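Engineer: 3D model of this:
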Amino acid sequence: MENKLFLTLYKHNNRLRIVALSSLMLSACSSHSPVEFYMLNAETSVDTPSPSVAFNSKLLIGIGPIHVPEYLNRPQMVIAKSENQYVLDEQHRWAENLTENINRSIAQFLAKRLGVEQILRYPWSQRQQIDYQVSVDIFQFHQNADQHSQLNAQWQIKHQEQTLLTHNFSCDVAAQSQPEAIVAAQSTCLSNLGLEIEAGLRQLAQMK
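Structural biologist: A predicted model of the protein is given here:
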C-alpha cells in the first residue's frame with residue numbers, strides 16, 4: 001500500500017516538473033525577439049543624374065581591396081553611446097560580412113552608373129589587365145551618440161602600381177535610432193561615396 005502511494009506521488013511530481021519546465025521554455029522563447037538581419041545598398045537611383053558624356057564601356061574596373069576597421073569586423077551592428085563607448089546590437093545584425101557587402105554595393109553602383117561591361121571584385125587574377133583599380137580604406141562607419149550615421153574613408157584610383165587619384169571622403173546623415181533608419185542613412189553615405197568615385201573615374205577617363 002505504501003509503495004503504491006509513493007509511486008503515485010512520484011508520477012504526480014514528475015508531471016509537475018514537466019509542466020513547469022515547459023512553461024519556462026515557452027516563457028524564454030516568447031521573451032526573446034528573433035534576430036533581424038540587414039544589408040547595405042548603394043542606391044543607384046540617386047538624385048544626381050549621370051553626366052551626358054558617355055564613359056568608355058570597354059574599360060575594365062577593379063574594386064578593392066576594401067579595408068574595414070576591426071571594430072566593424074563583426075556581425076552585430078555597432079552603435080556609439082558616447083565618444084569612447086560602443087554597444088554591439090545582438091538583435092540586429094549584418095546579413096553578410098560587412099566588407100563583402102560594401103564591396104559588392106560599390107561595384108553594382110559603378111557598373112550601373114558608368115555603364116561598363118565588366119567590373120571585377122578583389123582579388124582577381126594577375127593576368128587581368130585592369131584599367132582602373134579602386135580601393136577604399138574606411139576609418140569610421142557607424143551611428144554616433146548624436147543619432148547621425150557617419151562614414152569617413154579614403155579612396156584611391158590606381159593604374160597598375162601608379163596612384164592616379166586619392167581623396168578623403170566624409171558623410172554625415174541624421175538618422176533615428178531604429179535599425180532600419182540607421183541602415184538607410186548608412187546606405188545613403190555609401191551612395192555618396194559611389195558618386196565621388198564615379199566622378200573620379202570619369203575625370204581620369206577623359207584625360208586618357
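Engineer: and residue 120, what are its bridge partners?
Structural biologist: In this entry, residue 120 is beta-bridged to residue 62, by DSSP bridges.
Engineer: Surely it touches residue 126?
Structural biologist: No - at 11.9 Å, residue 120 does not count as touching residue 126 under the criterion of C-beta atoms under 8 Å. (C-beta placed from N, C-alpha, C; glycine too.)
Engineer: The two: who's more crowded?
Structural biologist: residue 120 (16 against 6; other C-beta atoms under 10 Å).
Engineer: What residues does the more buried one make contact with?
Structural biologist: The neighbourhood of residue 120, defined by C-beta atoms under 8 Å, 6 or more residues apart in numbering, consists of 60, 61, 62, 63, 128, 130.
Engineer: distance of the first one from residue 122?
Structural biologist: Just to be clear, that refers to residue 60. Relative to residue 122, residue 60 is positioned 13 Å away (criterion: C-beta to C-beta, to the nearest Å).
Engineer: The fourth one too?
Structural biologist: In this view, residue 63 and residue 122 are 6 Å apart by C-beta to C-beta.
Engineer: what's the answer for the second one, then?
Structural biologist: From residue 61 over to residue 122 the distance is 11 Å, taken as C-beta to C-beta.
Engineer: all strands of this structure, in order?
Structural biologist: According to DSSP state E, the chain carries its strands in the segments 36-38, 61-67, 76-80, 86-94, 119-121, 132-143, 148-159, 162-174.
Engineer: Send me the second one as PDB with only the CA atoms.
Structural biologist: Spelled out, that is strand 61-67. Presented in PDB, the C-alpha positions along strand 61-67 are these (Å, rounded to 0.1, in the frame of the first residue of the first chain):
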ATOM      1  CA  ILE A  61      37.500  48.400 -63.500                       C
ATOM      2  CA  GLY A  62      38.600  46.500 -60.400                       C
ATOM      3  CA  ILE A  63      37.000  47.200 -57.000                       C
ATOM      4  CA  GLY A  64      39.100  46.500 -53.900                       C
ATOM      5  CA  PRO A  65      40.600  45.900 -51.600                       C
ATOM      6  CA  ILE A  66      38.100  47.400 -49.300                       C
ATOM      7  CA  HIS A  67      39.500  47.800 -45.800                       C
END
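Engineer: So for that strand, mean pLDDT?
Structural biologist: The average pLDDT for strand 61-67 rounds to 97.
Engineer: And the fifth one, by the same measure?
Structural biologist: Confidence for strand 119-121, expressed as mean pLDDT, is 95.
Engineer: Return the distance of that strand from the chain's centre.
Structural biologist: How far strand 119-121 lies from its chain's middle: 18 Å, per C-alpha atoms, centre = their mean, to the nearest Å.
Engineer: just for the chain, where's the confidence low?
Structural biologist: Scanning the chain for pLDDT under 70 picks out the ranges 1-31, 44-46, 49, 52.
Engineer: about what we covered before: and the contacts of residue 120, which are buried?
Structural biologist: 60, 61, 62, 63, 130 (16 or more other C-beta atoms under 10 Å).
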